[in-house]
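A.B. asks: Next one to model:
(one chain, ligands or ions: 1)
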Amino acid sequence: MTTTATTTGQRSVGAARTRIEGLEKVTGRARYASELPFTELAHGWLVLSTVARGRIREIGDEAVAAMPGVLAVLHHRNAPRVSIDYVGQLGAPDPILGVFQDDRVPHAGWPVALVVAETSEQAREAAEALTVEYDLEPHDSVFRADHPAAYTPEAQTQTKGDLEAELAASAVVLDASYTTPEQHHSAMEPHACTARWEDGRLEVVDSNQGSMWVADELAKLFSLDLSAVRVRSEHVGGAFGSKGVRAHHVAAVMAATQLQRPVRVSMTRRQVFAATGYRSPTAQRVRLGAAPDGRLRAFGHEATSMTSNVKEFIESSAGYARAMYPADAHHTVHRVVPVDVPTPTFMRAPGEAPGSFAVECALDELAEKLGMDPIALRVRNEPEVGPVSGLPFSSRNLLACFDEGARRFGWAERDPRPRVRREGRLLIGTGVAASTFPSGVAPSTASVTAEQDGTFTVRITASDVGTGARTALSSIAADELDVTPDRVHVRIADSDFGPAWVSGGSMGTRSWGWAVMAAARELREALPLAPGEIPEGGITVRTDTARLVAELAQKERHSFGAQFAEVAVDVATGEVRVRRLLGVFAAGRIINPLTARSQLTGGMTWGISMALHEEAVRDEASGGHVGADFAGYHFAANADIPAIEADWVEDPDPTDPVGIKGIGEIGIVGTAAAIANAVWHATGVRHRDLPLRPDRIL
Ligand code: MOS
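C.D. replies: This next block holds a predicted model:
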């Protein structure tokens with residue numbers, strides 16, 4: 001074996017590779033956050049508020065402290081103080097992170113205590129026995145768009161031209177309102193972490209979307225130097241926006257500090273529903289005005305979402321059209337309604353997922369009114385530059401997606417008339433919708449080490465939430481080092497590796513890829529070295545992409561896609577079955593076709609789920625959920641998923657060193673609209689409220 005990089009002539013980027021850790025995962029050898037063993041491990045069990053608003057009057061901690069195995073009961077009267085007056089990597093924290101700081105309960109699911117015991121069973125038994133008495137206050141946990149408290153947050157309106165005047169002058173006008181319900185991430189692996197003090201450092205073994213994100217916020221919460229905190233997150237069983245810093249982290253650190261023992265806190269499925277964020281329900285009004293040839297003269301989108309009374313979170317559904325459709329008058333605005341509920345958060349394709357449902361259904365309705373093919377309407381309104389920003393696109397291959405998708409789906413043979421295809425008691429229809437998601441990049445640091453044995457070690461605080469990020473980074477490093485990927489070891493998700501972007505915003509692989517590429521390139525320039533020239537410990541090069549990212553020219557950077565659905569609607573039961581789903585995407589250079597296809601079909605599967613099943617229902621009386629589990633919260637199961645095909649057209653981003661755009665979220669964008677449009681084509685009835693439940697179809 002040689003210690004120098006040698007030309008392989010092979011490229012790893014673009015080659016289908018199975019996940020590096022795949023075998024470990026499927027054989028159960030991969031250890032997740034709540035499975036790693038620690039000596040002297042104690043177990044914490046969270047107690048969450050069952051009421052929606054009030055004050056804690058009494059906590060029966062003395063009775064519980066005497067129960068078998070109980071080590072501590074933390075609550076607002078005895079917990080250490082933390083500071084939530086800070087700004088983290090993704091903004092100001094949700095005040096829910098200030099756990100056990102006072103007697104106030106601003107919403108259901110608010111943490112009121114942590115019971116710590118020798119075993120998880122003892123902690124659970126004691127937690128369930130803990131009595132908490134509240135002084136109740138009246139609450140309002142019901143979202144509605146006309147709520148008197150609704151307001152438009154600062155900088156959430158973008159206006160060009162006179163919307164009312166253009167609507168009045170349009171030959172064809174559509175004014176329609178759409179709703180989407182509260183939806184939950186509910187990753188397969190519930191939130192869990194273990195905190196301990198080791199040689200004067202706080203160590204947290206976790207399941208998260210960014211170990212530096214969590215480390216930095218824990219340091220700020222507990223007034224520690226960042227160098228005194230280490231967070232690791234080797235394997236993550238799904239995250240989708242919900243796995244940032246959460247109450248269980250704070251509670252675990254408090255207990256580990258007090259007991260000077262490792263403390264693990266795992267959430268139950270119900271706690272995940274109650275206290276880890278969710279997608280807000282939305283109410284969206286779309287107003288379109290078009291010339292007889294389909295050209296848009298007026299585009300209006302007003303999107304209202306729900307937030308808590310402790311923090312403002314905006315589900316930015318009205319952002320969707322800003323990148324998609326030009327019009328002489330273009331008006332998009334977000335409104336929020338604060339009520340007594342937990343704060344919503346990012347959930348896969350935040351904004352774009354519900355926003356695309358409203359806009360892509362509205363375009364279908366407009367096409368019907370115009371007597372135009374829905375794809376032709378989109379072609380007519382394809383912009384040269386950003387519809388609102390006026391900036392050039394880095395690349396925009398949306399029409400190529402429609403072309404390729406239409407060819408493969410057989411769109412040309414489609415009879416545009418609704419309700420004319422019948423198979424027994426089934427009505428058959430097809431529908432189409434566009435997709436987009438922004439493509440971003442953020443500064444990251446990475447190091448690459450040339451080892452004495454001829455291998456290379458990449459270190460970066462990336463997180464692999466199941467996407468195959470680790471494998472993608474090994475492909476990028478291998479190509480830059482000009483070696484086969486088996487010679488590259490990628491170590492991720494350890495905050496000691498330095499600052500890096502989180503696995504969020506479809507920006508992970510792109511942001512980390514830059515840093516890894518830059519470090520590998522610099523290292524390669526320092527090579528070749530003859531065997532034996534590499535000192536013990538290897539040669540390490542470390543880079544930071546802050547300058548590269550800052551120098552990036554201003555452009556509209558987005559991934560695009562076209563989604564095609566065929567549905568069968570049972571007129572006797574109201575059941576909708578998706579028969580075929582095809583997505584064709586223009587989403588930058590695809591690093592690993594195998595895992596990329598999984599990402600895209602995973603998003604599309606979620607889109608089917610969003611269209612037909614998902615809906616979290618809040619009980620007005622308690623402010624909490626009805627059926628906060630996998631029996632009560634319906635989502636697509638295997639039997640609901642037909643042949644799904646995802647593919648892509650050539651679309652390397654010319655402004656990205658690797659050509660990446662990001663594929664994490666676009667798969668769910670537009671799917672629900674394509675299905676709803678197909679249901680109209682099948683039945684002749686427009687359904688504007690998700691999910692398309694049988695009782696709504698009938
Ligand atoms: Mo994603 S919702 O940016 O984790």
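
A.B. asks: so who does the residue of the stretch 51-200 of the chain found nearest the ligand touch?
C.D. replies: Here the residue of the stretch 51-200 of the chain nearest the ligand is His185; by CB to the nearest ligand atom that distance is 8.1 Å. Every C-beta, even on glycine, is put in place using the N, C-alpha and C of the backbone. Shown in contact with His185 (CB atoms under 8 Å, 6 or more residues apart in numbering): 238-242, 276-279, 347-348.

A.B. asks: between those residues, which has the most around it?
C.D. replies: Counting neighbours by other CB atoms under 10 Å, the top entry in the contacts of His185 is Arg279, with 30 neighbours.

A.B. asks: partner residues bridging that residue?
C.D. replies: Under the criterion DSSP bridges, Arg279 forms beta bridges with Gln183.

A.B. asks: how about the closest residue to Glu24 other than its chain neighbours, phi and psi?
C.D. replies: Nearest in space to Glu24, with sequence neighbours left out and distances taken as CB to CB, 6 or more residues apart in numbering, is Ala30 at 4.1 Å. The phi/psi pair for Ala30 (degrees, to the nearest 10) reads phi -70, psi 130.

A.B. asks: Val116: helix or strand, and which one exactly?
C.D. replies: Of the helices and strands defined by DSSP states H and E, Val116 is found in strand 111-117.

A.B. asks: With Ile375 instead?
C.D. replies: With DSSP H and E as the criterion, Ile375 is inside helix 374-380.

A.B. asks: so how far is the helix or strand following that helix off the chain centroid?
C.D. replies: Toward the C-terminal end, the helix or strand that comes next after helix 374-380 (DSSP H and E) is helix 398-409. Chain-centre distance of helix 398-409: 26 Å, with CA atoms, centre = their mean, to the nearest Å.

A.B. asks: quick revisit: can you tell me how far the residue nearest to Glu24 is from the ligand?
C.D. replies: Distance of Ala30 to the ligand, given as CB to the nearest ligand atom, to the nearest Å: 21 Å.

A.B. asks: For that residue, give me its contacts.
C.D. replies: Counting by CB under 8 Å, 6+ apart, Ala30 makes contact with 21, 24, 234-235.

A.B. asks: Pull up the distance across stretch 273-289, start to finish.
C.D. replies: Separation of the first and last residues of stretch 273-289 by CA to CA, to the nearest Å is 40 Å.

A.B. asks: Now whichever residue of the stretch 201-350 of the chain sits closest to the ligand. Nearest residue, chain neighbours left out?
C.D. replies: At 2.8 Å from the ligand, Gly241 is the closest residue in the stretch 201-350 of the chain, using CB to the nearest ligand atom. Closest residue to Gly241 apart from its sequence neighbours, by CB to CB, 6+ apart: Phe346 at 3.5 Å.

A.B. asks: Get me the contact residues on the stretch 401-550 of the chain for the ligand.
C.D. replies: Contact residues (CB under 6 Å from any ligand atom) of the stretch 401-550 of the chain with the ligand: 504-505.

A.B. asks: And the strands in the stretch 401-550 of the chain?
C.D. replies: 422-423, 426-438, 445-450, 456-460, 488-492, 539-544 (DSSP state E, counting those that start in this stretch).

A.B. asks: partner strands of the second one, parallel or antiparallel?
C.D. replies: The strands that strand 426-438 pairs with in its sheet are strand 422-423 (antiparallel), strand 558-570 (antiparallel) (by DSSP bridges).

A.B. asks: With the fifth one instead?
C.D. replies: The strands that strand 488-492 pairs with in its sheet are strand 456-460 (parallel) (by DSSP bridges).

A.B. asks: now swap in the last one and tell me
C.D. replies: Taking DSSP bridges as the criterion, strand 539-544 pairs within the sheet with strand 445-450 (antiparallel).

A.B. asks: about what we covered before: can you name the helix or strand that the residue nearest to Gly241 falls in?
C.D. replies: Assigned by DSSP H and E, Phe346 falls within no helix or strand.

A.B. asks: if I read this right, it contacts Gly504, doesn't it?
C.D. replies: Yes: using CB atoms under 8 Å, Phe346 makes contact with Gly504 at a distance of 6.6 Å.

A.B. asks: Which residue, other than its chain neighbours, is closest to the residue of the stretch 451-600 of the chain found nearest the ligand?
C.D. replies: Distances between the stretch 451-600 of the chain and the ligand by CB to the nearest ligand atom are smallest at Gly504, namely 3.4 Å. Excluding the flanking residues, the one nearest Gly504 by CB to CB, 6+ apart is Gln209, at 5.6 Å.

A.B. asks: Those residues of the chain touching the ligand, which are they?
C.D. replies: 209, 240-241, 346-348, 350, 504-505.

A.B. asks: mind giving me CSV with those residues and columns for pLDDT?
C.D. replies: Conversion of the residues of the chain next to the ligand to CSV gives the following (pLDDT from 0 to 100):
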residue, pLDDT
Gln209, 98
Phe240, 98
Gly241, 98
Phe346, 98
Met347, 98
Arg348, 98
Pro350, 98
Gly504, 96
Gly505, 97
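
A.B. asks: ok, which pair from those residues is furthest apart?
C.D. replies: In the residues of the chain next to the ligand, two members sit farther apart than any others by CB to CB. They are Gln209 and Pro350, at 13.1 Å.

A.B. asks: what touches both of the two?
C.D. replies: Listed as contacting both Gln209 and Pro350 by CB under 8 Å, 6+ apart are Gly241.

A.B. asks: No further questions, thank you.
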